[in-house]
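A.B. asks: When you get a sec, could you give me coordinates for this:
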Amino acid sequence: MIRVLIVDDSVQFLAAATEVVLAAEGFELAGVAKTGEEAAELARISRPELALIDLNMPGLDGKETAARMATVSPKTALVLMTATPDRSGRSNGLLDKRKLSPAALAEIWEAAQSPTAS
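C.D. replies: So this is what the prediction gives:
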């Protein structure tokens, strides 16, 4: 089972993403966090294999959260998400969190495990 930590300041998105993880075969929920600080602590304790992190959060943003999580849980694959693409409609390499589904979760994990993933 691939343990997933979801990090987002939106309670509604946390609930929806939790449902996606629970519905995805081979995945289980490691936890949910509403702040970057909470996410780093949960990552340290639960050591998830995958973390889905909202880019735009108050306090620590997604990039700062990912940096902290990389320090406390270096084996966790960190994926930044956004629901606000740029003006052209592109998400600039970020996961478009509006498209999260069980199939997308499997694709995210597969991409995170490829030798070219950073």
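
A.B. asks: Only C-alpha atoms from now on, for both contacts and neighbour counts.
C.D. replies: Fine.

A.B. asks: For the closest residue to Pro102 other than its chain neighbours, give me its contacts.
C.D. replies: Distances taken as Cα to Cα, 6 or more residues apart in numbering put Ala24 closest to Pro102, at 4.5 Å, once the chain neighbours are dropped. Residues touching Ala24, when contacts are defined by Cα atoms under 8 Å, 6 or more residues apart in numbering, comprise Ser101, Pro102, Ala103, Leu105, Ala106.

A.B. asks: Show me what the worst-scoring helix or strand of the chain on mean pLDDT pairs with in its sheet, parallel or antiparallel.
C.D. replies: Lowest by mean pLDDT, DSSP states H and E among the helices and strands of the chain is strand 95-96, with a mean of 82. In its sheet, strand 95-96 lies beside strand 77-82 (parallel), with partners assigned from DSSP bridges.

A.B. asks: Any regions of the chain where pLDDT drops low?
C.D. replies: Across the chain, the stretches falling below the confidence threshold (pLDDT under 70) are 85-93, 115-118.
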